[in-house]
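Undergrad: fold the following, please.
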Amino acid sequence: MDLGAFSVSLSVAEMATSRAFYEKLGFGMVAGDGETWTIVSNGVTVIGLFHGMFEGNILTFNPGWEGLGTAVDEFTDVRELRAQLADLGIEPISDTTAESPSGPASFMVADPDGNVILMDQHV
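TA: Got it, this is the predicted structure:
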């Protein structure tokens with residue numbers, strides 16, 4: 001099962017403080033508005049910093065992307081991934097895949113310990 005590009009999405013209390021911390025670790029801003037969401041990278045490692053957008057931290061996969069949001073020609077659509085996981089008995093806790101037959105959509109599942117995993121397709 002190819003889930004696409006991986007990143008960690010962190011819920012942060014104060015964007016400027018968090019961004020400064022990750023910059024000290026060698027990360028640089030590559031996307032975002034710098035206030036509510038900021039994407040930072042260090043080589044192939046990508047972290048999303050999000051203020052006031054969700055509670056807790058999320059493991060994020062982006063079908064159709066590799067690396068820093070570079071689109072790929074062939075990938076498994078998020079709707080197919082959702083169906084494959086449903087066949088395995090994994091049901092979403094949030095789901096927008098029924099809203100359109102193609103293009104951007106997302107769903108979330110939780111692992112047995114309650115860790116949230118977001119499948120977030122932008123293409």
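Undergrad: partners of the helix or strand harbouring Leu118 in the sheet?
TA: Here Leu118 sits within strand 116-121, counting by DSSP states H and E. Here the strand partners of strand 116-121, with direction, are listed using DSSP bridges: strand 58-62 (parallel), strand 105-110 (antiparallel).
Undergrad: mind checking which of these is nearest Gly26?
TA: Between Gly26 and those, the shortest gap by C-beta to C-beta is with strand 58-62, which sits at 20.6 Å. (C-beta placed from N, C-alpha, C; glycine too.)
Undergrad: which residue is nearest the middle of this structure?
TA: A centroid search over the chain (C-alpha atoms, centre = their mean) returns Thr60, at 3.0 Å, as the residue closest to the centre.
Undergrad: I'd like the distance between that residue and Phe50.
TA: In this structure, Thr60 lies at 10 Å from Phe50, with C-beta to C-beta, to the nearest Å as the measure.
Undergrad: find residues that contact each of the two.
TA: Ser9 (C-beta atoms under 8 Å, 6 or more residues apart in numbering).
Undergrad: can you give me the strands for this protein?
TA: With strands called from DSSP state E, the chain shows them at 5-11, 28-32, 37-42, 45-50, 58-62, 65-66, 70-71, 94-95, 105-110, 116-121.
Undergrad: helices or strands next to the first one in the packing?
TA: The elements that strand 5-11 packs onto, with contact taken as 3 or more C-beta pairs under 8 Å, 6 or more residues apart in numbering; DSSP states H and E, are strand 45-50, strand 58-62.
Undergrad: residues making contact with the longest one?
TA: Right, the one you point to is strand 45-50. Residues from elsewhere that reach strand 45-50 (C-beta under 8 Å, 6+ apart): 5-12, 15, 18-19, 22, 27, 30, 32, 36-41, 60, 67-68.
Undergrad: how far away is the residue of the chain most remote from its centre from Glu35?
TA: Relative to the C-alpha centroid of the chain, counting by C-alpha atoms, centre = their mean, Lys24 is the outermost residue, at 23.0 Å. Between Lys24 and Glu35 the distance is 20 Å, computed by C-beta to C-beta.
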